[in-house]
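In: quick one: sequence and predicted model below, then my questions.
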Amino acid sequence: HGSGPNDRDESIGPNKPFRDLAWGLASQNIAVLRYEKRTRVHSQRLKDFEGKFTVQEETIDDALVAVNLLRGVEGIDEQRICVLGHSLGGMIAPRIGMLDKEIAGFIIMAGTTRPVEEVMLEQVNYIISIDGKITENEKTRLSEIEKAVEKVKNLKESASHSGQENLLGAPPEYWLDLRRYDPPQTAQKVQQPMLILQGGRDYQVTEDDFDGWKNALSSRTNVEFKFYPKLNH
């Protein structure tokens, strides 16, 4: 899944891209397992959760469980199970690969290679500038996000963050965990084949991110890159 409490279809307005992909793959005799993101199903429990919360607890653990579940399903070739990640899911796909070396391959759709907080700020800047004018409300919103991004960047590894407010919707340890993670560098250590996809009209994750993957992996014979000029996120 991408960022946020997504359902199994990754519904965005009227669009259900994961459902469409599942139907398309199933028509080619490729089984698909989709599931609700835990931040959607257990949102209330997570509000009261006092333990560590990073992308490991948010997304990675469930992806690993899903792969193991498929290995026990009749009719599934356990040697050919792949993991597809979109946006945030694409960004962390290499981390999943490092934790389960038996996964057959990875599909990264619009996975960012840059710090998430910087990408979020870039997205807001783009959206408020589309009409050529910035309202006072938009200025206020932008200023608040800029301050939050600065706080994320100033987080100290050694400091105690117990009880500290969430930043950009996530606790401090979430951001510190992502800071320690370099997606392209980790991807270089993953030996499984990868298919990396990017849309040319994507303003949320851009061609800069696609170039990040290419710069790190273009020498690999088992990594394929596909760029779709007319597609968005």
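Out: Sure, I can see it. Just so you know, these numbers come straight off a predicted model, no measurement behind them.
In: give the contact list for the nearest residue to T113 once chain neighbours are set aside.
Out: Excluding its sequence neighbours, the residue lying closest to T113 (Cβ to Cβ, 6 or more residues apart in numbering) is G212, at 3.0 Å. Just so you know, the C-beta spots here come from the backbone N, C-alpha and C atoms, and that holds for glycine as well. Contact analysis of G212 by Cβ atoms under 8 Å, 6 or more residues apart in numbering lists 113-114, 183-184.
In: and if we set it to 7 Å?
Out: 113-114, 184 (Cβ atoms under 7 Å, 6 or more residues apart in numbering).
In: between the residues you listed, which is nearest S218?
Out: P184 (10.7 Å; Cβ to Cβ).
In: residue contacts, D202?
Out: Contacts for D202 (Cβ under 7 Å, 6+ apart) come out as 110, 232-233.
In: so how far is F210 from it?
Out: Using Cβ to Cβ, to the nearest Å, D202 is found at 9 Å from F210.
In: tell me which helix or strand in this protein has the weakest average pLDDT.
Out: helix 43-47 (a mean of 72; mean pLDDT, DSSP states H and E).
In: off-centre distance for the very next helix or strand once past that one?
Out: The first helix or strand that comes after helix 43-47 along the chain, using DSSP states H and E, is helix 55. Centroid displacement of helix 55 relative to its chain, using Cα atoms, centre = their mean, to the nearest Å, is 9 Å.
In: what average pLDDT does helix 55 get?
Out: The average pLDDT within helix 55 is 95.
In: quick check: the residue nearest to T113 vs V119, distance?
Out: For G212, the distance to V119 - Cβ to Cβ - is 11 Å.
In: just I196 next, same as before
Out: As defined by Cβ to Cβ, I196 lies at a distance of 17 Å from V119.
In: buried stuff in the host helix or strand of G212?
Out: Remark: G212 resides in helix 207-217, with elements defined by DSSP H and E. For helix 207-217, burial by neighbour count (16 or more other Cβ atoms under 10 Å) applies to 209-210, 212-214, 216-217.
In: save those as JSON lines, and put in pLDDT and distance to F225 too.
Out: Putting these into JSON lines (pLDDT from 0 to 100; distance: Cβ to Cβ, whole Å) gives the following:
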{"residue": "D209", "pLDDT": "97", "distance to F225": "12"}
{"residue": "F210", "pLDDT": "98", "distance to F225": "7"}
{"residue": "G212", "pLDDT": "98", "distance to F225": "11"}
{"residue": "W213", "pLDDT": "98", "distance to F225": "7"}
{"residue": "K214", "pLDDT": "98", "distance to F225": "6"}
{"residue": "A216", "pLDDT": "98", "distance to F225": "11"}
{"residue": "L217", "pLDDT": "98", "distance to F225": "8"}
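In: what is the most widely separated pair among those?
Out: The widest separation within the buried residues of helix 207-217 (Cβ to Cβ) is 12.8 Å, between D209 and L217.
In: biggest helix in the chain by residues?
Out: Criterion DSSP state H: the longest helix present in the chain is helix 136-153.
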